[in-house]
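> I'll drop the sequence and a predicted model, then ask my questions.
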Amino acid sequence: MFDLETAITEWRKQILAAGIQSPVPLDELEIHLREEIEQQMKSGLSERRAYEISLQRIGRPEILGGEFKKNENTVMKKIGILATLIGAVIILRIFTEHPDASHLRRNEQWEWLITGSAIVFFGLSNALFYFESSDSQNVRLWKIIGIAYSTFAVWLSAVLILLLLTVPKFNAAVGVTGRILVFMALAVSILSVFGWRKILEILPVVRNQRTRTMVGIAGCFLGLIFVTLCFFMGPLHFSIGIILATWALAMASVLGGVGYGLEKTAQERAVIDS
Amino acid sequence: MIRKELVAASAEPMILSLLSKGESYGYAIIQEVKARSDGKLQWTDGMLYPVLHRMENKGWIKSRWGESGTGRKRKYYSLKKDGKTAMAKHREQWSLVHSVLAGLQKEQYV
């Protein structure tokens, strides 16, 4: 026996699977589908036939999902390209500086080089990553913050590891256990970028918007505090310092993504409940 | 039936022109396009919404949630100032294409 409500629920699931996970377009599409079904039934068709025809008219979920994704990716790509260009200009400025000036301001140059490269890294991540479509404004904002934290953590950990492997003094200072711990920290940072879908599954659904925002901000601050403390402790003992710094970055990477995770989980729950 | 590339290209100016008459919602826009083209201009219904959202992101149109007479929830779209400018540009371009084609057609039959 055909049940229209069950059929529409099934269709919603297909739309969700196609990547339209924000309530707004999903609701709009459902309202449209229901209006079309109603019109078809008024013309004398059975409920099942009206549903089938309306489904054909509204289009296949994967094609609709693809069209909505195009809209979202454009915004992310623009942010990414802009950040990449700003970072590239900063780096180019350092390399094109007069040799005498560069000698006098070597420390400052390193700082700008690190900043420029981090911005490029952040920009490229935004431009190249394939994100879910139809996110709400809050999810988009937290997504950018999460990416900034994660990419900065991965990038700075990679710089520290590069120093560890290439500078003989640092190389000698860190033993095998230390190296394993440093690489594990880098792996956690990378996982926080690529494994966010898995993290979403274990996050609780916080329905209160204010609580989500507060927890997200607290996560970002905690991440920064971890990194600041460990970078102050680093110079005291290089071996312990580099391990702590990479792990602090890994923690910051995870904590920076908490706000995004909570918003995304809440959004998906709202879609399922609606 | 009109080719899908042409249907896609005409979607934005068509929506802008329809909304210039007053606010409307997805289903009504589709029905009006069908009626005005005697069913020859057929959109896949769902494809209208990504276009509407894109136009909203561009700042051409704005939306609000409202209710129909029967109490059904609906999202109404209306034209913004930038949308009117965009519509004028679209019309200019389509008029140019139309006049070139019409001119060529006329020459063939003279």
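On my side now, so go ahead.

> Doesn't B:Trp65 lie inside a strand?
Yes. Using DSSP: H, G, I helix; E, B strand; the rest coil, the secondary structure at B:Trp65 is a strand.

> Specify the beta-bridge partners of it.
Residues in a beta bridge with B:Trp65, per DSSP bridges, are B:Lys75.

> What segments of the chain are helices?
As the question left the chain open, I've gone with chain A. A:4-17, A:23-42, A:47-58, A:61-95, A:99-104, A:106-128, A:137-166, A:168-173, A:176-194, A:196-202, A:209-233, A:238-256, A:258-273 (DSSP state H).

> other chain: chain B
Secondary structure of chain B by DSSP H: the helices cover B:4-19, B:26-36, B:48-57, B:81-109.

> most packed of those helices?
For the helices of chain B, average neighbour numbers computed from mean count of other CB atoms under 10 Å in any protein chain shown are highest in helix B:48-57, which has a mean of 21. Bear in mind the C-beta positions are built from the backbone N, C-alpha and C, glycine included.

> ok, back up a step: switch the helices of chain B over to CSV; also include mean pLDDT and distance to A:Gly19.
Converted to CSV, those look like this (pLDDT from 0 to 100; distance: least, CB to CB, whole Å):
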stretch, mean pLDDT, distance to A:Gly19
helix B:4-19, 90, 20
helix B:26-36, 92, 19
helix B:48-57, 89, 12
helix B:81-109, 90, 28
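
> Which positions in chain B make contact with chain A?
Chain B comes close to chain A at residues B:26-27, B:30, B:44-47, B:49-50, B:53-54, B:57, B:72-75, as judged by CB under 8 Å from any CB of the partner chain.

> re earlier: of the helices of chain B, which is nearest A:Trp142?
Distance to A:Trp142, taken as CB to CB, is lowest for helix B:48-57 among these, at 19.0 Å.

> residues making contact with that closest one?
By CB atoms under 8 Å, 6 or more residues apart in numbering or on different chains, the list of residues contacting helix B:48-57 from outside reads A:25, A:28-29, A:32, A:64, A:67-68, A:70-71, A:74-75, B:11-12, B:15-16, B:26, B:29-30, B:61-63, B:77, B:83.

> where does the stretch 51-200 of chain A have low pLDDT?
A:72-75, A:95-107, A:126-136, A:196-200 (pLDDT under 70).

> Contact residues of it facing chain B?
A:Arg57, A:Ile58, A:Gly59, A:Ile63, A:Leu64, A:Glu67, A:Phe68, A:Lys70, A:Asn71, A:Thr74, A:Val75.

> repeat that for 6 Å
The stretch 51-200 of chain A has residues A:Arg57, A:Ile58, A:Gly59, A:Leu64, A:Glu67, A:Phe68, A:Asn71 near chain B, with proximity defined as CB under 6 Å from any CB of the partner chain.

> Skipping its backbone neighbours, what lies nearest the fifth one in space?
When you say that, I think you mean A:Glu67. Nearest residue to A:Glu67 in three dimensions, chain neighbours excluded: B:Pro50, at 3.8 Å (CB to CB, 6 or more residues apart in numbering or on different chains).

> Verify the stated contact: A:Tyr260 with A:Ile144.
No. A:Tyr260 lies out of contact with A:Ile144 (CB atoms under 6 Å); the separation is 8.6 Å.

> what about these two, which has more around it?
With other CB atoms under 10 Å in any protein chain shown as the criterion, A:Tyr260 and A:Ile144 differ in neighbour count, and A:Tyr260 comes out ahead with 28 against 17.

> and the gap between the more buried one and chain B?
Between A:Tyr260 and chain B the distance, using CB to the nearest CB, to the nearest Å, works out to 21 Å.

> what residues are up against that residue?
With contacts taken as CB atoms under 6 Å, 6 or more residues apart in numbering or on different chains, A:Tyr260 has the following neighbours: A:Trp142, A:Lys143, A:Gly146.

> How confident is the prediction for it, by pLDDT?
Looking at A:Tyr260, its pLDDT reads 85.

> and it, how far is that from B:Leu18?
Computed with CB to CB, to the nearest Å, the distance linking A:Tyr260 and B:Leu18 is 38 Å.

> And for chain A, the residue most distant from the center?
When distances are taken from the C-alpha mean of chain A, A:Gly44 lies farthest, 49.0 Å away, according to CA atoms, centre = their mean.

> Just send the contacts of A:Tyr260 back as a markdown table, with distance to A:Leu124 too.
Below are those laid out as a markdown table (distance: CB to CB, whole Å):
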| residue | distance to A:Leu124 |
| --- | --- |
| A:Trp142 | 20 |
| A:Lys143 | 15 |
| A:Gly146 | 16 |
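
> List the buried residues in stretch B:64-77.
B:Arg74, B:Lys75, B:Tyr76, B:Tyr77 (16 or more other CB atoms under 10 Å in any protein chain shown).
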